[in-house]
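Participant: below are the sequence and a predicted model; questions follow.
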Amino acid sequence: MTARRVWAAAALALALAAIVLGVAAAIAHFPDGLTVLACVALTVGAAWYGIRRRGAARVVGLGAAALFAAGAVVLVVLENRVLEDALVIACVAVALAAAREAFKVHAKLPPAERPGKPVLFYNPLSGGGKAERFHLADEARRRGIEPIELRRGQDLEQLVRGAVSDGADALAMAGGDGSQAVVAMIAAELDLPYACIPAGTRNHFALDLGVDRDDVVGALDAFVNGGERRVDLAEVNGRVFVNNVSLGLYAEAVQHPGYRDAKLHTLLETVPDAVGPDAKPPDLVWRSPDGEESAAAILVSNNAYRLGHALGMGTRPRLDRAVLGVAVLVPAASSGAGSVSRKLGMQQWVTPTFEIDAGASVPAGIDGEALRLDPPLRFRTRAGALRVRIAPHHPGASPSALEPDKAWQTVQTLASFVWHGVPADPVTDPMVSERAR
């Protein structure tokens, strides 16, 4: 029995156990369990009330949320449900972990010719100094890759173009996703192989490409004996991005000088301006398939993200579908002229192009970097623009490449793993993405 079958069987068994235990506990403690659920609901409502406000109202809301949460815990203890609830939670957590293992991928990428003069650009400050901690420059030289350090004040684009003029025939970047976008843009423009080295803080692009984010040095093997695949890039007003462009709530937060040092605090201070009771919709004009034209936040991504899922949350199953992913946080209903509704809903779709107009320059977070864009904002995909090299021992595909979108489809897929074993390759078989939609 293969490891995938074992993990799939474990995930199904543990999920079933969680359901059985949960139902049994609910029956045994009915109707007391409804009181706990009410406390949980009141906790969420009070927290939402507090987050959307400032000053005394925020203190009251978050304080009430803490009291309701404490009440739920006390009720669970008094009803002698601690062990039962802990078992249910443990079964769910381990089932999800087992499912992630079952859905792990290792794509078989076509072998590629080793470049003659590969160059690695690295930012020694990215990721808390990962490049120096892992001796990345020395490791690159051992593999025949020329390392070039990006120093403070230097222009990365000029540095890369200078290296290409000197004969570089493959480009790698060890740094944040904003830097990855610059090097990827030039590699795509010149049709040169590109490698993403996960030496940034979050390395979102590396994750969705199928680069092992925990193996910074091993990622260099992409230019030694790695395989190659083509992926999409995206652009807004001619500026290339590899991940996403955010407008609204998050974009406003990243504009603040203190965001880098206190992200959570800055984001919380921005929430009332975007979704508070006195908030006004951003001065943005756009149209969705349903005709919505106002939003608290808009995210335009290079291919679509999985949002609202227990598995693969915040990842992109594919980077080669030649689409933009558009996700908007929209008012569920109007609460008065010029104000944002208290109830918010998520709307998501894909499109090859997208346009937003505005009356003034628009604050934006592009791959996590704060900028202002002049309207109109014109987004488009660059289908198959980038030749990506990935080390042979790395996954080579997104961790969510095999994961279906719907819960019941996930159960069916796990069951098929148990009965049939190895699935189709997530990169070379285009039908995989269609079945997972």
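Facilitator: Nice, thanks for sending it over.

Participant: residue contacts, residue 40?
Facilitator: Residues counted as contacts of residue 40 (Cβ atoms under 8 Å, 6 or more residues apart in numbering) are 68-69, 72. All C-beta atoms are positioned from the backbone trio N, CA, C, and that covers glycine.

Participant: and the residues you listed, which of them are in helices?
Facilitator: When these are checked against helices (DSSP state H), the matches are 68-69, 72.

Participant: what ranges do the helices span in the stretch 151-300 of the chain?
Facilitator: 156-165, 177-190, 204-209, 222-225, 249-255, 263-275 (DSSP state H, counting those that start in this stretch).

Participant: list the contacts of the longest one.
Facilitator: In this case it means helix 177-190. 121, 123, 126, 150, 156-157, 160-161, 164, 171-173, 192-194, 196, 200, 202-206, 233, 240-243, 366-369, 382, 385-387.

Participant: pull out the buried residues from those.
Facilitator: Among these, the ones that count as buried by 16 or more other Cβ atoms under 10 Å are 121, 123, 126, 150, 156, 160, 164, 171-173, 192-194, 196, 200, 203-206, 233, 240-243, 366-368, 382, 385-387.

Participant: restricted to strands, list the residues you listed.
Facilitator: Of the positions in the buried ones among the contacts of helix 177-190, 121, 171-173, 193-194, 196, 233, 240-241, 366, 382, 385-387 sit in strands, assigned by DSSP state E.

Participant: and the least confident of the residues you listed?
Facilitator: Ranked by pLDDT, those bottom out at residue 366 (93).

Participant: so which elements touch the helix or strand where residue 22 lies?
Facilitator: Element membership of residue 22, judged by DSSP states H and E, is helix 3-28. If you count contacts as 3 or more Cβ pairs under 8 Å, 6 or more residues apart in numbering; DSSP states H and E, helix 3-28 packs onto helix 82-102, helix 407-420.

Participant: can I get these in JSON lines with distance to residue 28, mean pLDDT and mean neighbour count?
Facilitator: What follows is those, written out as JSON lines (distance: least, Cβ to Cβ, whole Å; pLDDT from 0 to 100; neighbours: other Cβ atoms under 10 Å):
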{"stretch": "helix 82-102", "distance to residue 28": "8", "mean pLDDT": "89", "mean neighbour count": "17"}
{"stretch": "helix 407-420", "distance to residue 28": "26", "mean pLDDT": "88", "mean neighbour count": "15"}
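
Participant: next SSE downstream of the helix holding residue 22?
Facilitator: Remark: after helix 3-28, the chain's next helix or strand is helix 32-51, criterion DSSP H and E.

Participant: could I have the CA atoms of that following helix written out in PDB?
Facilitator: Extracted C-alpha coordinates of helix 32-51, given in PDB (Å, rounded to 0.1, in the frame of the first residue of the first chain):
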ATOM      1  CA  ASP A  32     -26.700  22.400  26.900                       C
ATOM      2  CA  GLY A  33     -24.400  22.400  23.800                       C
ATOM      3  CA  LEU A  34     -26.600  25.100  22.200                       C
ATOM      4  CA  THR A  35     -25.500  27.500  25.000                       C
ATOM      5  CA  VAL A  36     -21.900  26.900  24.000                       C
ATOM      6  CA  LEU A  37     -22.600  27.500  20.400                       C
ATOM      7  CA  ALA A  38     -24.500  30.700  21.300                       C
ATOM      8  CA  CYS A  39     -21.400  31.900  23.300                       C
ATOM      9  CA  VAL A  40     -19.200  31.200  20.200                       C
ATOM     10  CA  ALA A  41     -21.500  33.100  18.000                       C
ATOM     11  CA  LEU A  42     -21.600  36.100  20.400                       C
ATOM     12  CA  THR A  43     -17.800  36.000  20.600                       C
ATOM     13  CA  VAL A  44     -17.500  36.300  16.800                       C
ATOM     14  CA  GLY A  45     -20.100  39.100  16.700                       C
ATOM     15  CA  ALA A  46     -18.600  41.100  19.500                       C
ATOM     16  CA  ALA A  47     -15.100  40.800  18.000                       C
ATOM     17  CA  TRP A  48     -16.400  42.000  14.600                       C
ATOM     18  CA  TYR A  49     -18.100  44.900  16.300                       C
ATOM     19  CA  GLY A  50     -14.900  45.900  18.100                       C
ATOM     20  CA  ILE A  51     -12.500  45.500  15.100                       C
END
